[in-house]
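1. Here you go, sequence then predicted model.
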Amino acid sequence: MDPVLLIGLKKQQEQAWEVEEHLDELQMLAYNIDLNGNFRLIQQRDKPHNATFVGSGMVEKIQQYVVNESLKAVIFDDELSPAQQRNLEKALSVPVYDRPFVILSIFSERAKTKEAKTQVELARMKYEYPRLKKMWTHLHRQAGHIGGRGGEGEKQLEIDRRMARKKMGRLEKELKRFETRRKTRKKQRKNLLNIALVGYTNAGKSSLMNQLTKAHVEADDRLFVTLDATSRIWNVDPILKTVLSDTVGFIRKLPHNLVASFKSTLTEVSDADLLFHVIDASHPHLEELRETVDGVIESLIDEHIPTVLIFNKIDKLSDFDLKSLKRVFPDGLFVSATMKTGTEKLREYVLNHFAEKIETRTFLLPARALGRFYHINDFGQVLHTHHENEGMFLELRALKERFPALMREIPDLIEIDPADYRAKINEAN
């Protein structure tokens, strides 16, 4: 791995441990693209320097580090402007990256499907577009010889910009086609309730989804393993079937272009009936991670969506820490996807949450229509039946919205008063 130097900026309102933890996370991000970020420097400033992000004294200190430790690059924990990046590279004579660049690089490596690759490519191009000038800096000093219009560098730069704009337009059109297909798929499952798994990257969303749905979504201890919204049917109980969607993990300082590019995929969040906000219970600063996720979600949705906090990886906590966490979050649910514990509580929660959407009704299926009985099972759960000469009395538990469709499918079905149904049962006993 190439050794690199990580740079953090501590603003007045920030705690020292926050900056250190952000750099720890940046080090982990860098590791995912084969860069070793064991060296770090932090400068305390009220606001970034317009030209070089950090002050001139820190630039000199960075340059000494680069030379003394033979470092291959410098990575800033915050987004740099194109001008800041150019100025720093000129002063340091090594490549200078920022956190958005590192995150985009990881996304590029993780993207597998055509949609994910398109989304990442669009975000990468939006990031690189204002930085195209840097690629032609070495040509900018060429004198213009034709009509005083500037050198070859300027002309090539404009060509590159025009080509980039055209390609971004094509990618945006391609994403709209993916979005249209997604809307078509959603129409096909309009009678199903939707639950979206959201959370910080590496919180264990995919592992939890696998446990609940018996799916085989890739899940391991790496960042951004899931880039596509993967949906599976979760049979909560015999009649309550939901579409459970696993979404891309969020992270601090997520590049705006990346959020914008993934907005079509993240419609699984805005269209959800319920959000499962999965949190790594073992993280020392889980409250900050929760706020990061909440911030991204707020930017995606227009209306409030009911959300339940699910604290995963409780197997990594001591009994004392788990009890403390439960006291702080009395309404949370506590699970371990890998140890397969606590998931029944999730089922109970979902059943209670959607209880008002479920109803039990009683019917008489006349003798002439008994051949249609097995079609009733397509609409709900038959809890009890009682046969008489006039036909079959039955008790059906189903989603409220399914009863009109049932009556259309079996017009001979007659709804009866539950009291009459119970009277029939008592007479038979």
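-> Okay, I see it.
2. only C-alpha atoms for contact and neighbour calcs from this point on.
-> Fine.
3. Endpoints of stretch 81-99, how far apart?
-> Distance between the two ends of stretch 81-99: 12 Å, counting by C-alpha to C-alpha, to the nearest Å.
4. For that stretch, what is the distance to the chain centroid?
-> Its chain's C-alpha centre and that of stretch 81-99 lie 30 Å apart, by C-alpha atoms, centre = their mean, to the nearest Å.
5. in that stretch, what counts as buried?
-> Going by neighbour count (16 or more other C-alpha atoms under 10 Å), the buried part of stretch 81-99 is 81-86, 88-89, 92, 94-99.
6. now, which of those sits nearest residue 32?
-> Nearest to residue 32 among those is residue 99, at 12.6 Å by C-alpha to C-alpha.
7. low-scoring stretches of the stretch 151-300 of the chain, by residue?
-> Low-confidence segments of the stretch 151-300 of the chain (pLDDT under 70): 151-154, 185-191, 217-229, 260-265.
8. just the strands in it please.
-> Remark: strands assigned in the stretch 151-300 of the chain by DSSP state E, counting those that start in this stretch are 193-199, 230-235, 241-246, 274-280.
9. Let me have those in a markdown table, adding distance to residue 409 as columns.
-> Below are the strands of the stretch 151-300 of the chain laid out as a markdown table (distance: least, C-alpha to C-alpha, whole Å):
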| stretch | distance to residue 409 |
| --- | --- |
| strand 193-199 | 22 |
| strand 230-235 | 24 |
| strand 241-246 | 21 |
| strand 274-280 | 30 |
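10. could I get those as TSV with mean neighbour count and distance to residue 379?
-> Putting the strands of the stretch 151-300 of the chain into TSV (neighbours: other C-alpha atoms under 10 Å; distance: least, C-alpha to C-alpha, whole Å) gives the following:
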stretch	mean neighbour count	distance to residue 379
strand 193-199	25	15
strand 230-235	18	14
strand 241-246	24	12
strand 274-280	24	23
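11. Kindly report the domain assignment for this structure.
-> 2-106, 112-184, 190-353, 358-428 (automatic domain parsing).
12. Check the separation of the first and last residues in the second one.
-> Its start and end residues considered, domain 112-184 measures 22 Å (C-alpha to C-alpha).
13. Backbone torsions only: list them for the spatially most central residue of the chain.
-> The chain has residue 248 as the residue nearest its centroid, 3.1 Å off, counting by C-alpha atoms, centre = their mean. Dihedral angles of residue 248 (phi, psi; degrees, to the nearest 10) stand at phi -60, psi 140.
14. In three-state terms, how would residue 51 be classified?
-> Following DSSP: H, G, I helix; E, B strand; the rest coil, we place residue 51 in the coil state.
15. Enumerate every residue touching it.
-> Taking C-alpha atoms under 8 Å, 6 or more residues apart in numbering, we find residue 51 in contact with 83-84, 87.
16. With distance to residue 199 and secondary structure as extra columns, can I get those in a markdown table?
-> Compiled in a markdown table, those are given as follows (distance: C-alpha to C-alpha, whole Å; DSSP: H, G, I helix; E, B strand; the rest coil):
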| residue | distance to residue 199 | secondary structure |
| --- | --- | --- |
| 83 | 34 | helix |
| 84 | 32 | helix |
| 87 | 36 | helix |
